[in-house]
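A.B. asks: Sequence below, structure please.
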Amino acid sequence: MDEVHLIFQRALKTLKVAESNFNNEFYPDSINRSYYAVFYAAKALLLKKGISSKTHTGTIHQFCLEYAVNDTFDKEISKFFARIEEDREKADYDLTFEFSRLKAKKI
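C.D. replies: Residues are numbered from 1 along each chain as shown. This next block holds a predicted model:
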């Protein structure tokens with residue numbers, strides 16, 4: 001299996017974990033896994049074009065340049081990607097922040 005396929009398979013598995021966490025009301029964990037599912041899918045799409053980045057910010061930036069700016073994806077996807085990265089950081093590090101079921105479902 002090539003690396004693109006392996007990364008995309010990881011995205012799909014991570015999404016399943018996000019759904020399980022959501023269904024069990026572990027909303028911060030669901031948000032974390034949802035973000036990583038999107039992140040891995042973006043990495044796979046970039047790698048398919050021969051592009052890689054060593055950082056999350058770089059991956060988001062490259063994805064937006066390659067796919068949102070060129071109208072392959074709706075431009076709102078780049079805003080969404082940046083927002084869910086912020087939400088993932090809150091879910092991971094801000095122990096006082098409360099995530100609702102609705103927020104986790106949107107992500």
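
A.B. asks: What's the local residue count around R33?
C.D. replies: Using other C-beta atoms under 10 Å, R33 has 24 neighbouring residues. Any C-beta I mention is one placed from the backbone N, CA and C, and that applies to glycine too.

A.B. asks: Can you name every helix or strand that the helix or strand hosting it contacts?
C.D. replies: Assigned by DSSP states H and E, R33 belongs to helix 27-48. Contacts defined by 3 or more C-beta pairs under 8 Å, 6 or more residues apart in numbering; DSSP states H and E place helix 27-48 against helix 3-23, helix 56-63, helix 76-93, helix 101-106.

A.B. asks: out of those, nearest to A44?
C.D. replies: Closest of the helices and strands packed on helix 27-48 to A44 is helix 3-23, at 4.1 Å (criterion: C-beta to C-beta).

A.B. asks: what does the closest one rub up against?
C.D. replies: Outside helix 3-23, the residues within contact range by C-beta atoms under 8 Å, 6 or more residues apart in numbering are 1, 27, 29-34, 36-41, 43-44, 47-48, 104-105.

A.B. asks: Only whichever of the residues you listed are buried, select them in PyMOL.
C.D. replies: Selection of buried members from the contacts of helix 3-23 for PyMOL, criterion 16 or more other C-beta atoms under 10 Å:
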select buried, resi 27+29+30+31+32+33+34+36+37+38+39+40+41+43+44+47+104
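
A.B. asks: Could you double-check that C64 lies in contact with S78?
C.D. replies: Yes: with contact defined as C-beta atoms under 8 Å, C64 reaches S78; the gap is 3.8 Å.

A.B. asks: ok, residues contacting the helix holding R33?
C.D. replies: Helix 27-48 is touched from outside by 3-5, 7-8, 10-12, 14-15, 17-19, 21-22, 52-53, 56, 59-60, 62-63, 66-67, 81, 84-85, 87-88, 91-92, 99-101, 103-104, 107, with contacts defined as C-beta under 8 Å, 6+ apart.

A.B. asks: let's see 6 Å
C.D. replies: 4, 7-8, 10-11, 14-15, 17-18, 21-22, 59, 62-63, 84, 87-88, 91-92, 99, 104, 107 (C-beta atoms under 6 Å, 6 or more residues apart in numbering).
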